[in-house]
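[1] no sequence for this one, just the structure:
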């Protein structure tokens, strides 16, 4: 999982297939989602995984209209292709990411 923020977000996601976790240290559901995505990052080797601390990286958060946490966005070459808001079971993240990869990857 790569730390993304105002200084590197746009540059990093411009190429390839990215799953980005917008989270906050004070968000209890975020603490559930982050380990799920970390496990998926180990499993899905062709997908880049990143995390944005939405509390400190406000430019990135608001430029992508992230209002609720956790928010997981899927990007292909800098373009958002899917979004999941809130905490969900691991199987849903796996399915949505692999479906997006099959469609856009």
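    Alright, I've got the coordinates. Everything numeric here is computed off the predicted structure, so don't read it as measured data.
[2] ranges for the strands of this protein?
    With strands called from DSSP state E, the chain shows them at 2-4, 17-23, 48-53, 71-76, 79-85.
[3] Out of these, which one sits most buried?
    strand 17-23 (a mean of 24; mean count of other C-beta atoms under 10 Å). C-beta here means a position set from N, CA and C on the backbone, and glycine is covered the same way.
[4] Neighbouring strands of it in the sheet, and parallel or not?
    strand 48-53 (parallel), strand 71-76 (antiparallel) (DSSP bridges).
[5] Apart from its chain neighbours, what residue comes closest to residue 9?
    residue 60 (4.6 Å; C-beta to C-beta, 6 or more residues apart in numbering).
[6] try residue 61
    residue 54 (4.4 Å).
[7] isn't residue 55 right up against residue 30?
    No - with contact defined as C-beta atoms under 8 Å, residue 55 does not reach residue 30; the gap is 10.1 Å.
[8] Which strand residues bridge the most centrally placed residue in the chain?
    Nearest to the geometric centre of the chain sits residue 20, at 1.7 Å (C-alpha atoms, centre = their mean). Residue 20 forms beta bridges with residue 50, residue 73, as assigned by DSSP bridges.
[9] Distance check, it against residue 86.
    15 Å (C-beta to C-beta, to the nearest Å).
[10] list the residues that contact both of residue 55 and residue 30?
    residue 24 (C-beta atoms under 8 Å, 6 or more residues apart in numbering).
[11] Would you mind telling me which of those two has more residues around it?
    Neighbour totals were compared for residue 55 and residue 30, and residue 30 leads with 20 against 14 (other C-beta atoms under 10 Å).
[12] Which residue lies closest in space to the more buried one, excluding its sequence neighbours?
    residue 23 (3.9 Å).
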